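Got a sequence here, can you build the structure:
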Amino acid sequence: MFDIVYADDVMLVVNKPEDLLSVPGIGEEKKDCLVTRLQREFPTVRIVHRLDFATSGLIVLALNAGSHRALSIQFQNRVPKKRYQARVHGQLTEDKGEILLPLAPDWERRPRMKVDHELGKPSQTHWECISRDQDSSRVLLYPHTGRSHQLRVHLLSIGHPILGDVFYTDEAQHQGYPRMMLHADRLGLEHPVQGHWLEFSSECPF
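Residues are numbered from 1 along each chain as shown. Reported below is the predicted structural model:
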């Protein structure tokens, strides 16, 4: 049973658990995903945006074609306000910052992404360090673009990869962690029919 944060006749907001695809992948073994599970209770549900397999937290879904179109346009126009929380390797020396680095697929190591100043698409992330311990930092992340693996690659690029990330850390940095330490904990957007602003929150589980 899913943690449904919000539901009405046209949309859902749910907490996606970690280690679950947002949509079906290629192959029989990757059919199990957020959408197929939700379709058992909400047969008309449609994906609007995605969270990585290893990322948990808030995701909005549409329940009809009209709301799907309206929500998709919002995401294309970068109307929604998204915040993530992460634990990263090492102690950040600054309290806040901005990462502006273009991202492109790393074709030789798919599905990984990489910084690519020639072919990459512009990507922007603001971050804020909220605590530090001996060998890690807790950060709030505000992506202003929505590139695949954006937060993961941006944090790696400044020397502070997300703990538990099997793609972008060495074995010592992901062994010993039960999951990737990245959670979508805040989401704000306009209601697709009524137009008023909605804000949702999800407690960080780590």
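
And the protein, what are its domain boundaries?
What automatic domain parsing lists as the domains of the chain is 3-80, 83-182.

Dump the ones you listed into JSON lines; add mean neighbour count as well.
C-beta here means a position set from N, CA and C on the backbone, and glycine is covered the same way. Listed next are the domains of the chain as JSON lines, based on neighbours: other C-beta atoms under 10 Å:
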{"stretch": "domain 3-80", "mean neighbour count": "16"}
{"stretch": "domain 83-182", "mean neighbour count": "17"}
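
Any chance of TSV for the ones you listed, columns mean pLDDT and distance to residue 189?
Formatted as TSV, those follow (pLDDT from 0 to 100; distance: least, C-beta to C-beta, whole Å):
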stretch	mean pLDDT	distance to residue 189
domain 3-80	96	4
domain 83-182	95	12
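
Mind checking these for the one nearest to residue 202?
domain 3-80 (5.1 Å; C-beta to C-beta).

Show me how far that closest one is from its chain's centre.
12 Å (C-alpha atoms, centre = their mean, to the nearest Å).

Helix, strand, or coil at the most centrally placed residue in the chain?
By C-alpha atoms, centre = their mean, the chain has its centre lying nearest to residue 51, at 4.2 Å. Three-state call for residue 51 (DSSP: H, G, I helix; E, B strand; the rest coil): coil.

from now on call the first residue 42
Got it, first residue is 42 now, which makes that one residue 92.

Which residue ranges of the chain form strands?
44-48, 52-57, 87-88, 97-103, 122-130, 137-141, 144-146, 154-156, 165-173, 177-184, 223-231, 238-242 (DSSP state E).

possible to save the ones you listed as JSON lines with distance to residue 203?
Below are those laid out as JSON lines (distance: least, C-beta to C-beta, whole Å):
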{"stretch": "strand 44-48", "distance to residue 203": "22"}
{"stretch": "strand 52-57", "distance to residue 203": "17"}
{"stretch": "strand 87-88", "distance to residue 203": "23"}
{"stretch": "strand 97-103", "distance to residue 203": "12"}
{"stretch": "strand 122-130", "distance to residue 203": "5"}
{"stretch": "strand 137-141", "distance to residue 203": "13"}
{"stretch": "strand 144-146", "distance to residue 203": "15"}
{"stretch": "strand 154-156", "distance to residue 203": "13"}
{"stretch": "strand 165-173", "distance to residue 203": "12"}
{"stretch": "strand 177-184", "distance to residue 203": "9"}
{"stretch": "strand 223-231", "distance to residue 203": "5"}
{"stretch": "strand 238-242", "distance to residue 203": "21"}
